[in-house]
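Undergrad: Structure for this input, please:
(one chain, ligands or ions: 2)
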Amino acid sequence: MGRVIAIANQKGGVGKTTTAINLAASLAANDLKVLLIDMDPQGNCTTGIGIAKEPGMPTVYDALMGVHPIESIVVNTEFDGLQLAPADKNLVAGNLDLVDMDRREFRLRDAIENIRTAYDYLIIDCPPALDLLTVNAMVAADSVLVPIQCEFFALEGISQLIDTVERLRDSLQPNLRLEGVLLTMFDDRTNLTRQVASDLKEFFKNEVFETIIPRSIRLAEAPSFGKPIISYDVRSRGAECYIKLAKEILANEQRTGSAA
Ligand SMILES: Nc1ncnc2c1ncn2[C@@H]1O[C@H](COP(=O)(O)OP(=O)(O)OP(=O)(O)O)[C@@H](O)[C@H]1O
Ligand SMILES: [Mg+2]
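TA: Ligands and ions are numbered 1, 2, ... in the order given. Take a look at the predicted model:
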């Protein structure tokens with residue numbers, strides 16, 4: 001049964017999509033079958049992995065609404081072992097449409113139920129909001145990975161995010177775990193990011209991944225070529241770090257004994 005990891009932080013621009021794409025590709029590079037699920041109406045994950053948003057293309061929105069089974073919206077990417085459930089701006093309506101639906105928090109979980117066995121990992125990219133789309137992602141997930149940008153307001157909103165995870169654990173998804181907190185856009189040359197990184201480690205203790213993602217132009221460039229960093233520039237620091245993150249997640253999974 002594939003493990004489902006939601007990449008979430010309601011703060012914008014902290015590296016959710018970059019992490020979703022590059023973690024998914026790095027896991028696939030370990031000979032694993034991976035499904036990347038784009039739950040953000042911005043569709044950055046879709047574009048960033050090289051899938052053009054054609055008008056009329058069936059998307060995650062159709063799967064949530066029950067119009068198409070999710071397996072029929074999944075497309076192959078150019079990256080071996082990595083498939084994508086795409087999204088586009090139609091998903092904006094998803095938040096509103098879901099409100100009046102049956103099992104509104106469970107739509108994604110129900111949609112992926114039958115395909116989970118076909119994958120080793122399902123990685124969900126969330127929008128920058130604690131909305132019904134993010135709740136659907138968390139309810140469908142085994143764990144939540146929280147990217148945090150190493151900058152001054154890093155912790156802003158984090159308590160609200162942790163509250164949401166805890167509330168879901170008490171109600172709709174009792175098994176939801178925190179996969180870990182990932183420090184992103186770390187810049188060794190500035191005192192500020194070094195200080196913030198050390199404060200975050202102090203605050204989250206052993207919840208913080210050992211791997212820290214550096215600020216890297218190559219990581220920022222890769223999506224404009226529709227490629228994960230390990231295709232775009234495998235020798236870059238960014239590639240090295242996302243490969244290390246994938247290994248850390250695989251090792252954690254072996255340690256906690258959760259089934260893949
Ligand atoms: N490690 C990094 N080094 C340099 N640039 C990065 C890095 N990670 C992400 N970026 C860039 O920062 C911007 C925001 O990153 P990304 O899109 O991954 O964040 P996000 O949390 O998904 O944003 P949103 O909340 O809008 O969905 C993008 O332009 C991305 O290319
Ligand atoms: Mg994003």
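
Undergrad: what helices or strands is the helix ranked longest in the chain leaning on?
TA: As far as residue count goes, and with DSSP state H defining each element, the longest helix of the chain is helix 237-256. For helix 237-256, the elements it packs on are helix 16-28, strand 177-184, helix 217-221, helix 229-232, judged by 3 or more CB pairs under 8 Å, 6 or more residues apart in numbering; DSSP states H and E. (Each C-beta comes from the backbone N, C-alpha and C, glycine too.)

Undergrad: hmm, 10 Å instead?
TA: Taking 3 or more CB pairs under 10 Å, 6 or more residues apart in numbering; DSSP states H and E as the contact definition, the neighbouring helices and strands of helix 237-256 are strand 3-7, helix 16-28, strand 121-125, strand 143-149, strand 177-184, helix 217-221, helix 229-232.

Undergrad: and the last one, what other elements does it pack with?
TA: I take that to be helix 229-232. Contacts of helix 229-232 with other secondary structure elements, assessed using 3+ CB pairs under 10 Å, 6+ apart, are made with helix 16-28, helix 217-221, helix 237-256.

Undergrad: tell me which parts of the protein are close to ligand 1?
TA: Taking CB under 6 Å from any ligand atom as the criterion, the neighbours of ligand 1 within the chain are 12-18, 40, 42, 44, 128, 184-185, 213, 215-216, 219-220.

Undergrad: Narrow those to those that are buried.
TA: Buried members of the residues of the chain next to ligand 1, counted by 16 or more other CB atoms under 10 Å: 14-18, 40, 42, 44, 128, 184-185, 213, 215-216, 219.

Undergrad: Provide the secondary structure category for Ala93.
TA: Classification of Ala93 by DSSP: H, G, I helix; E, B strand; the rest coil places it in helix.

Undergrad: coming back round to it: how about the helices and strands packed on helix 237-256, which one is nearest Phe79?
TA: For these, distance to Phe79 was read as CB to CB. The smallest value, 5.4 Å, belongs to helix 16-28.

Undergrad: is the closest one anywhere near ligand 2?
TA: Yes - legend: contact between helix 16-28 and ligand 2 by CB under 5 Å from the ion is shown at 16-17.

Undergrad: Report the inter-axis angle for that helix versus strand 177-184.
TA: Orientation note: helix 16-28 sits at an angle of 110 degrees relative to strand 177-184 (axes from the mean of the first three to the mean of the last three CA atoms, to 10 degrees).

Undergrad: quick revisit: same list (the helices and strands packed on helix 237-256) but as JSON lines, adding mean pLDDT.
TA: Listed next are these as JSON lines, based on pLDDT from 0 to 100:
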{"stretch": "strand 3-7", "mean pLDDT": "98"}
{"stretch": "helix 16-28", "mean pLDDT": "98"}
{"stretch": "strand 121-125", "mean pLDDT": "98"}
{"stretch": "strand 143-149", "mean pLDDT": "97"}
{"stretch": "strand 177-184", "mean pLDDT": "96"}
{"stretch": "helix 217-221", "mean pLDDT": "98"}
{"stretch": "helix 229-232", "mean pLDDT": "98"}
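
Undergrad: got CSV for the ones you listed, with distance to Phe204 too?
TA: CSV is the format used below for the helices and strands packed on helix 237-256 (distance: least, CB to CB, whole Å):
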stretch, distance to Phe204
strand 3-7, 16
helix 16-28, 16
strand 121-125, 21
strand 143-149, 9
strand 177-184, 5
helix 217-221, 22
helix 229-232, 25
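
Undergrad: quick one on the thing from earlier: winner for burial among the helices and strands packed on helix 229-232?
TA: Scoring these by mean neighbour count under mean count of other CB atoms under 10 Å gives helix 16-28 as the most buried, with a mean of 28.
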